[in-house]
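Student: Sequence plus the predicted model coming up.
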Amino acid sequence: MSLMNGQIMDYPLTLTPLLERAARLFPTQEIASRTPDGMHRYTYREMHLRVHRLAHALQRIGLKPGDRVGTLCWNSYRHLELYFAVPCSGMVLHTLNLRVPLDQLAYIINHAGDRVIFADQSLVNLLDPIRDQIPCVERIVVLPDSGPGDYEELLRDSPDQPIAWPQFDEMTAGAACYTSGTTGNPKGVLYTHRSLVLHTYGLCLPDVFGFRRADTVLQIVPMFHANGWGMPWAAIMAGCKLVFTGRQLQPADLAWLIEGERVTFASGVPTIWMGLYAYLENHPHDISSLTRVAVGGSALPRQFVEGFGKKYGVPFRLLWGMTETTPLATVMCLSPELEALPDEQKYDLLARHGMSIAGIDVRIVDDEAKELPWDGKTMGELQVRGLWVIDGYWQIADNSASFCDGWFRTGDVATIDPNGFIQITDRTKDLVKSGGEWISTVDLENAIMGHPKVAEAAVIAVFHPKWHERPLACVVPQEEFRGTLTKQEIMDYLSSKVVKWWLPEDVVFIDAVPKTSVGKFNKRALREQFKEYKCEEA
């Protein structure tokens, strides 16, 4: 069959035009950053000038296209400058997760082959214990808390004239992130400029984040994690005002920024929003400027979705994604007819993870890779493919276990309803198989966290001599109920929420649920903590 070629320019999808367009069209838009000295403010025009000066400096210190440049930084305007100067220079931006164990940090730096690391002054000490373990690093550039410092001196010594950006193919690597490494060493994900640009366009779709010039975007998601969910690039492309948190991420800090900067859009993991909700109960702030909030990383209990909606008028958009999906793959946004549903039905939907973003395909399969129905009940492994999904891990020769017929195996278990709405029910390794039937730990955790005396809850599987596995509920009471909340109260509350055989085998009270480096519940740590737990046969 003979096909006809179209006649459209071969214009590469790279980050460079996004930067240049934003500076030209939105030169006076503001970028605000919280620093130890207060709020730093400047404009797109000033940011653009500094990005060019930084690009000159990268060349001057000997970096070349293809080199990996590490960043060990909080959310800040300087980190934003690196987000553009490094990839637009043809180099690879490698954001380093400051919360991983030091042995993993050393492994990641060496595996990526970072030649230079840009590190905030308050974080340089993290590199000191491993400095002799990362021989690939030739230089560490310090971003000062205040005063000139290495970074500012580099920019000061650079020329004012714009740099001539290199021309390169859209499949050129632009950024790298590593998975959290909950099992084995972290794995490297290498993003192309094409995938980053397409992901940026995806975020700006109306039913995703819908960024526009009138928005003020608060960057809560750490920029060292999964490209800060891609929001720095998307907000700049759309011409939004950007607000960076710095290192201050406590509920009081976030409430102050939302109120003071009149933030219209923010996003973060569930623990951020659960903490803010509890803080606002006793410390009122005006957060009425928020028009939408995105939540990802794990499920947000339904009562918080409903509570924020009814009490503060804040609509939540739950999302799902992975480092391997750049990271966003699905977002929850209701159609007008679903918005008109009674509250009970509407908030049930809003607590789901939404439908796939245009450019991403999803399916659920059984153990034999047979596709399962979208009936909202059948659970299967969630698999994805699309415009910004990886086709292999960086420098790993055999990726066959991570893929199935061209689909990426996420390791998440989900249902998909007839409308295409996805509900993540668990990780495959976290499901409880009791008497041959699956119990979703996520659903059980959400039910427990609906109890007014519960702050957090995590559920793990423990061995049972008769049923093989049973759920163990690890519960953190609200501060005022520590020592008084009882197992029976939890069981009585759950009796009307879940079927009888889902009820936990036991309830144990703990001080806090351990968290991963990105704020998710660390089930592996809990399983280790309770590995000696023994169930009694009924």
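Tutor: Good, I have the coordinates. Here the structure is a predicted model, which means the values were calculated and not measured.
Student: Any stretches of the stretch 201-350 of the chain with poor pLDDT?
Tutor: Applying pLDDT under 70 to the stretch 201-350 of the chain picks out no residues at all.
Student: My error: substitute the stretch 1-150 of the chain in the last question.
Tutor: By pLDDT under 70, the stretch 1-150 of the chain has no low-scoring segment.
Student: Would you map the helices across it?
Tutor: Using DSSP state H, counting those that start in this stretch, the helices of the stretch 1-150 of the chain run over residues 16-25, 44-60, 77-88, 102-112, 149-156.
Student: tell me what the shortest one is packed against?
Tutor: If I follow you right, that is helix 149-156. In terms of contact count using 3 or more CB pairs under 8 Å, 6 or more residues apart in numbering; DSSP states H and E, helix 149-156 is assigned the packing partners helix 44-60, strand 139-143. (Glycine included, C-beta is placed from N, CA and C.)
Student: buried sites along it?
Tutor: Neighbour counts over helix 149-156 (16 or more other CB atoms under 10 Å) mark 149-151, 154-155 as buried.
Student: try the first one
Tutor: Under the neighbour-count criterion of 16+ other CB under 10 Å, helix 16-25 has 16, 18-20, 22-23 buried.
Student: Run through the bridge partners of Thr43.
Tutor: On the basis of DSSP bridges, Thr43 takes part in beta bridges with Glu30.
Student: For it, grab the count of nearby residues.
Tutor: The number of residues packed around Thr43, counting by other CB atoms under 10 Å, is 15.
Student: circling back: what would the helices of the stretch 1-150 of the chain look like in CSV with distance to Leu328?
Tutor: Converted to CSV, those look like this (distance: least, CB to CB, whole Å):
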stretch, distance to Leu328
helix 16-25, 17
helix 44-60, 24
helix 77-88, 17
helix 102-112, 23
helix 149-156, 30
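Student: Between these, which one is closest to Gln529.
Tutor: Taking CB to CB as the criterion, Gln529 comes closest to helix 102-112 out of the helices of the stretch 1-150 of the chain, the separation being 20.3 Å.
Student: what packs against the closest one?
Tutor: For helix 102-112, the contact count by 3+ CB pairs under 8 Å, 6+ apart identifies strand 68-72, strand 173-178, strand 188-192 as packing neighbours.
Student: for the helices of the stretch 1-150 of the chain, which one sits closest to Asn185?
Tutor: Asn185 lies closest, by CB to CB, to one member of these: helix 102-112, at 5.7 Å.
Student: and that closest one with strand 173-178, angle?
Tutor: Relative orientation of helix 102-112 versus strand 173-178 (axes from the mean of the first three to the mean of the last three CA atoms, to 10 degrees): 150 degrees.
Student: Contacts for helix 102-112 next, please.
Tutor: Contact with helix 102-112 is made by 68, 70, 92, 94, 96-97, 100, 117, 126, 129-130, 133-137, 176, 178, 181, 185-186, 188, 394-395, as judged by CB atoms under 8 Å, 6 or more residues apart in numbering.
Student: Tell me the buried residues in that helix?
Tutor: Residues of helix 102-112 classed as buried by neighbour count (16+ other CB under 10 Å): 104-109, 111-112.
Student: same question, stretch 354-361
Tutor: Within stretch 354-361, the residues that qualify as buried are 354-357, 359-360, counting by 16+ other CB under 10 Å.
Student: Helices of the stretch 201-350 of the chain, start to end?
Tutor: Assigned by DSSP H, counting those that start in this stretch, the stretch 201-350 of the chain shows helices spanning 231-238, 251-261, 270-282, 302-312, 336-339, 343-350.
Student: other SSEs contacting the fifth one?
Tutor: So that's helix 336-339. Contacts of helix 336-339 with other secondary structure elements, assessed using 3+ CB pairs under 8 Å, 6+ apart, are made with helix 343-350.
Student: Now find how far off-centre the helix it packs on is within its chain.
Tutor: Distance, stretch centre to chain centre, for helix 343-350: 24 Å (CA atoms, centre = their mean, to the nearest Å).
Student: Looking at the helices of the stretch 1-150 of the chain, spot the one closest to Asp412.
Tutor: helix 102-112 (22.5 Å).
Student: where does Thr28 fall, phi/psi-wise?
Tutor: Here is the backbone geometry of Thr28 (degrees, to the nearest 10): phi -100, psi 0.
Student: Distance check, it against Thr325.
Tutor: According to CB to CB, to the nearest Å, Thr28 and Thr325 sit 35 Å apart.
Student: ok, those two, which is more surrounded?
Tutor: For Thr28 against Thr325, the residue with the higher neighbour count under other CB under 10 Å is Thr325, and the figures read 24 against 8.
Student: And for that one, nearest residue in space, chain neighbours not counted?
Tutor: The spatially closest residue to Thr325, leaving aside those adjacent along the chain, is Val389, at 5.3 Å (CB to CB, 6 or more residues apart in numbering).
Student: Neighbours of that neighbour, how many?
Tutor: Residues within reach of Val389, counting by other CB under 10 Å, total 21.
Student: tell me the domain boundaries of this structure?
Tutor: Using automatic domain parsing, the domain ranges for the chain come out as 19-24+41-157+169-208, 361-427, 432-529.
Student: Go through the ones you listed and pick out the most buried.
Tutor: Scoring the domains of the chain by mean neighbour count under mean count of other CB atoms under 10 Å gives domain 19-24+41-157+169-208 as the most buried, with a mean of 19.
Student: Show the contacting residues for the closest residue in space to Leu341 that isn't next to it in sequence.
Tutor: Taking CB to CB, 6+ apart, and ignoring the residues beside it in sequence, Leu341 has Leu349 as its nearest neighbour in space, at 7.4 Å. Contact criterion CB under 8 Å, 6+ apart gives 332, 334, 338, 341, 421 as the residues in contact with Leu349.
Student: could you check the distance from the first one over to Leu526?
Tutor: With distances taken as CB to CB, Met332 is found 28 Å from Leu526.
Student: all strands for the stretch 401-538 of the chain, in order.
Tutor: 403-404, 407-416, 422-427, 432-434, 437-439, 454-464, 468-477, 506-509 (DSSP state E, counting those that start in this stretch).
Student: what about those, which gets the closest to Ser76?
Tutor: When these are ranked by proximity to Ser76, the top entry is strand 454-464, at 29.4 Å, counting by CB to CB.
Student: What is the closest one packed up against?
Tutor: If contacts are counted by 3+ CB pairs under 8 Å, 6+ apart, strand 454-464 sits against helix 270-282, strand 432-434, helix 441-448, strand 468-477, helix 523-529.
Student: same thing but at 6 Å, please
Tutor: Contact here means 3 or more CB pairs under 6 Å, 6 or more residues apart in numbering; DSSP states H and E; on that basis strand 454-464 packs against helix 441-448, strand 468-477, helix 523-529.
Student: JSON lines please, covering these and showing mean pLDDT and distance to Phe244.
Tutor: Converted to JSON lines, the helices and strands packed on strand 454-464 look like this (pLDDT from 0 to 100; distance: least, CB to CB, whole Å):
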{"stretch": "helix 441-448", "mean pLDDT": "87", "distance to Phe244": "31"}
{"stretch": "strand 468-477", "mean pLDDT": "90", "distance to Phe244": "30"}
{"stretch": "helix 523-529", "mean pLDDT": "85", "distance to Phe244": "30"}
